[in-house]
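A.B. asks: this one's structure only:
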């Protein structure tokens, strides 16, 4: 069985609306059909298995069609769909169990808050190729977070200028560098030229130190064949990671890429906010991320503590626990990528959320490249912050003997890291 939990809001009965969802999304229609039998319905019909009432609200998430209600009932309604009726195709799952429910009349709000899939889905999809263990092994990191930064399009760097900044970051001991999700192949920095400028620096550094810094190049493209050409370009140059804008390329693009990929796939979730930002509508991240893990992402961006965007800390905490909780086995866990306005100052609170785990990628854009001492000092400051947090030492105390951290606190403690 496939179990979905819908948070229903309606001027009428939430339980009755749940029954309607189960009917409409499986065997029900507005008139009896030829050949329709009770035996057929019993085999493929969805059914309500639990109703948990919630407090009503006085303001509807969507306009009330009648326009007369002053109170709106809410409940979490569990509905089970037989696997025979849906199968293990993720597009069918999205269509049947999720997509259609948003068109049903009579609801002023509906949000998908939980999804539990049977093990047949694990057998049907590849899942992560590298995941947590592969990411840690490829970066040579153990016992601390992978420390990373971002090449921002706002800098307007041409390929050779980007390579110069990369060289400084390599010398500073950075573990991971990525193209910003908006940096794919613009005229001022085509992907081919960027790869040609950066990868020799990466490989030369590896020869000198034995450490291969992971660089994630932006390869996303609406045409899967073009995206694979981008992938092959990076792989042939000795690269080992790619940024993929998953919501933009879709399920089909992601499946196409994963089946052929030799790179760590770093998922950027831009566009998820459209699906989740209204609390009474859309998806919980815990539901949405299951699709992409089955399709094979290895690293998943999930924002962080005190981010520069709308997402509250408790939402980040839920996202962290979602991507680090096995769906079917420990092998399907993906590496949480913590970012958005991070500079090291959030390290103590991040450790509190992770329960002490440092199996994560801590990604700082402006928090590293805008450091007063330059990007290299920015890397050292972030590592110092995590050293202090891991040892339970207040950052201000640790900063007394670590000037890069002290500068970082002076620069970013007002929350202006970007």
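C.D. replies: It's in. This structure is a prediction, so every number in the text was calculated from the model and none was measured.
A.B. asks: all contacts plus neighbour counts: C-alpha atoms, from now on.
C.D. replies: OK.
A.B. asks: need the contact partners of the helix or strand harbouring residue 150.
C.D. replies: If you go by DSSP states H and E, residue 150 is part of strand 146-151. By Cα atoms under 8 Å, 6 or more residues apart in numbering, the residues outside strand 146-151 that reach it are 136, 139, 162, 174-180, 359-365, 368-369, 379, 382-383.
A.B. asks: if we go to 7 Å?
C.D. replies: Residues outside strand 146-151 that contact it (Cα atoms under 7 Å, 6 or more residues apart in numbering): 174-180, 360-365, 368.
A.B. asks: ok, now stretch 10-21?
C.D. replies: Contacts for stretch 10-21 (Cα under 7 Å, 6+ apart): 8, 48, 51, 69, 71-75, 77, 101, 106-109.
A.B. asks: what's the offset of stretch 75-91 from the middle of its chain?
C.D. replies: When distances are taken as Cα atoms, centre = their mean, to the nearest Å, stretch 75-91 is centred 23 Å away from the chain's centroid.
A.B. asks: what is the mean pLDDT for it?
C.D. replies: Across stretch 75-91, the average pLDDT comes to 96.
A.B. asks: what's the pLDDT at the closest residue to residue 317 other than its chain neighbours?
C.D. replies: Spatial nearest neighbour of residue 317, excluding adjacent residues (Cα to Cα, 6 or more residues apart in numbering): residue 353 at 6.1 Å. On the pLDDT scale, residue 353 is placed at 97.
A.B. asks: now for residue 353, how many residues are close by?
C.D. replies: Residue 353 has 19 neighbours, counted by other Cα atoms under 10 Å.
A.B. asks: quick check, it in a helix?
C.D. replies: Yes: counting by DSSP: H, G, I helix; E, B strand; the rest coil, residue 353 falls inside a helix.
A.B. asks: my read: it touches residue 316, true?
C.D. replies: No: if you go by Cα atoms under 7 Å, residue 353 and residue 316 don't touch, sitting 8.9 Å apart.
A.B. asks: so, low pLDDT: which residues of the stretch 51-200 of the chain?
C.D. replies: 153-154 (pLDDT under 70).
A.B. asks: tell me the SS of residue 20?
C.D. replies: Going by three-state DSSP: residue 20 is helix.
A.B. asks: residue 107 versus that one, what's the distance?
C.D. replies: In this view, residue 20 and residue 107 are 11 Å apart by Cα to Cα, to the nearest Å.
A.B. asks: which ones among the contacts of strand 146-151 lie within helices?
C.D. replies: Within the contacts of strand 146-151, residues falling in helices by DSSP state H are residue 368.
A.B. asks: adding neighbour count, write the contacts of strand 146-151 out as TSV.
C.D. replies: Output for the contacts of strand 146-151, formatted as TSV (neighbours: other Cα atoms under 10 Å):
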residue	neighbour count
174	24
175	25
176	22
177	23
178	22
179	19
180	19
360	23
361	25
362	30
363	29
364	26
365	25
368	29
